[in-house]
Structures are given as C-alpha cells and as structure tokens.
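Student: Quick one, fold the following:
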Amino acid sequence: MDLFEVMRSAPTSRRFKPDPVPRESLVRALDAARFAPSGGNRQGWRVVVVEDHQRRAALRDLYLPHWRAYLEHTGGARMLEDPDSFDAARVRMVRRADDYAKGLDEVPAHLVVGVRLEDLAVTDAALPRQSIVGGASVYPFVQNLLLALRAEGLGAALTTLLVPAEADVRRLLEMPEDIALAAHIGVGYRADPWPERLARRPVEEFAFAERFGEPLR
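Tutor: Residues are numbered from 1 along each chain as shown. As a prediction, the model looks like this:
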C-alpha cells in the first residue's frame, strides 16, 4: 500500500474476526515499526504480545474499571443510558467502544507496549503543567506499528486505559520494574469494511503561518 493511502485509511478497529493473527505479520509490523525516531537512538520500547485467552481475559478485567470511569468522566455513560437524547453517530461510536471493552478477551492479539524509564528525556518536567514530552520516545514507534499493521491488512485499536493498572499488568506479564506501561493495542482482522478515507479536520483549522491563528496559505 502507498504510505499516504495507509495514513488515510487506518481507523480504530473495534470489531474483529475470530481468526488468529499470523505471527509473521506481527513480526513484520514490529520490524518496520522499530525504525521510528527515538531520542538518543535509545529505542526504549518493549512489547509483549499476548494471545493466550486466559491472559487476554485478565487484561480485560484490568481494563474494564478504567473504561467505566472514563465513560463517566466523558459523559459516555449518559449516552448509553439515554441514547435518544444524543447524536446517533456519537452514540454508535461510544457503544462500539463499550462493546470492544467488554469483549476485550475475544480480540485475537494484544500488544502491550512499554518503555524503559531510563531511556526517556522528559524535557518539560519542570513546567507547571502535566508532562507530554516523555512520550516522544515511544509514541512514534506506536504510530509506526499501527501503520505497519494496517499495511499487513490488520485492524488495531490503541488505548492507554490500561496504564492506571500498570502494577497489575506488570505482575501479570512479568514486566521488569523499570518498564513503564505506555499503550495497549488490540489487533485482529477487521470485521467491518476498510474506509477509503477517514474524516478529519482540514489543515487550515490546525496549522498556522508565523503565529497562532494566521492562515497558512
């Protein structure tokens, strides 16, 4: 697939066929993803591939409390309780995400992505706001991985809702103490047709010339 085609047609996939994911497809995707930029070329990412059903069920049980809290925080719970009061497309999206969370154990492959803490350069740690820079050493790898999975014909759903359960996930997967949980990716063959092009805001809404708000012409 052409790179731009992959970028424009790699949606979050939340409904999967039951077919197992070929190990060679995962290895090819990981092999491509490893060429992501990394601060100091430290390549601190670490990935655990989980296919055992018992472990997938355990990850689901760790995920669900944080998903439910997220629903309450974002108003999604109200949408599910009273769908007729909200936009139908929005309700459909929330309901599909809820189904994904409840059926997480049925997603054929789980990629649990961690990062070695000593490999992070958190240059905004002293600023009076939450840090976002530390992820720069792992999330380019995660995005590469999502695109590579799409090129392999595999759907994927990226979330960070397992992160609050990091200690439990670490025990379940026997991850070392120096590995921080960064992302969870559900992977499988997509049950729905692939979109030709995702719906996104136009460039002029988020990119500016010289100073914020100046049109980029």
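Student: So which residue is dead centre in this protein?
Tutor: Centroid-nearest residue in the chain: Leu158, 1.5 Å away (criterion: Cα atoms, centre = their mean).
Student: Kindly provide the distance from that one to Phe208.
Tutor: 27 Å (Cβ to Cβ, to the nearest Å). Any C-beta I mention is one placed from the backbone N, CA and C, and that applies to glycine too.
Student: Which strand residues bridge the residue nearest to the centre of the chain?
Tutor: Ile185 (DSSP bridges).
Student: tell me the contacts of it?
Tutor: Applying Cβ atoms under 8 Å, 6 or more residues apart in numbering to Leu158 gives the contacts 12, 142, 146, 183-185.
Student: Put together CSV for the residues you listed, with neighbour count on each row.
Tutor: Converted to CSV, the contacts of Leu158 look like this (neighbours: other Cβ atoms under 10 Å):
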residue, neighbour count
Thr12, 16
Val142, 23
Leu146, 25
Ala183, 24
His184, 23
Ile185, 20
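Student: Where does the nearest residue to Leu3 once chain neighbours are set aside fall, secondary structure wise?
Tutor: Ranked by Cβ to Cβ, 6 or more residues apart in numbering and with sequence neighbours excluded, the top spatial neighbour of Leu3 is Leu147, at 7.9 Å. Taking DSSP states H and E as the definition, Leu147 sits inside helix 139-151.
Student: mean confidence score for that helix?
Tutor: The average of the pLDDT scores along helix 139-151 is 98.
Student: how many neighbours does Tyr63 have?
Tutor: 24 (other Cβ atoms under 10 Å).
Student: Show the average pLDDT along the strand or helix carrying it.
Tutor: Using DSSP H and E, the element containing Tyr63 is helix 53-74. Mean pLDDT, computed over helix 53-74, is 98.
Student: buried ones in it?
Tutor: Residues 55-56, 58-60, 62-63, 66-67, 70-71 are the ones in helix 53-74 that count as buried (16 or more other Cβ atoms under 10 Å).
Student: Tell me the helices and strands packed up against the next helix or strand after it.
Tutor: Helices and strands here follow DSSP H and E; after helix 53-74, the next one along the chain is helix 76-81. If you count contacts as 3 or more Cβ pairs under 8 Å, 6 or more residues apart in numbering; DSSP states H and E, helix 76-81 packs onto helix 53-74, helix 88-102.
Student: switch to 7 Å and redo it
Tutor: helix 88-102 (3 or more Cβ pairs under 7 Å, 6 or more residues apart in numbering; DSSP states H and E).
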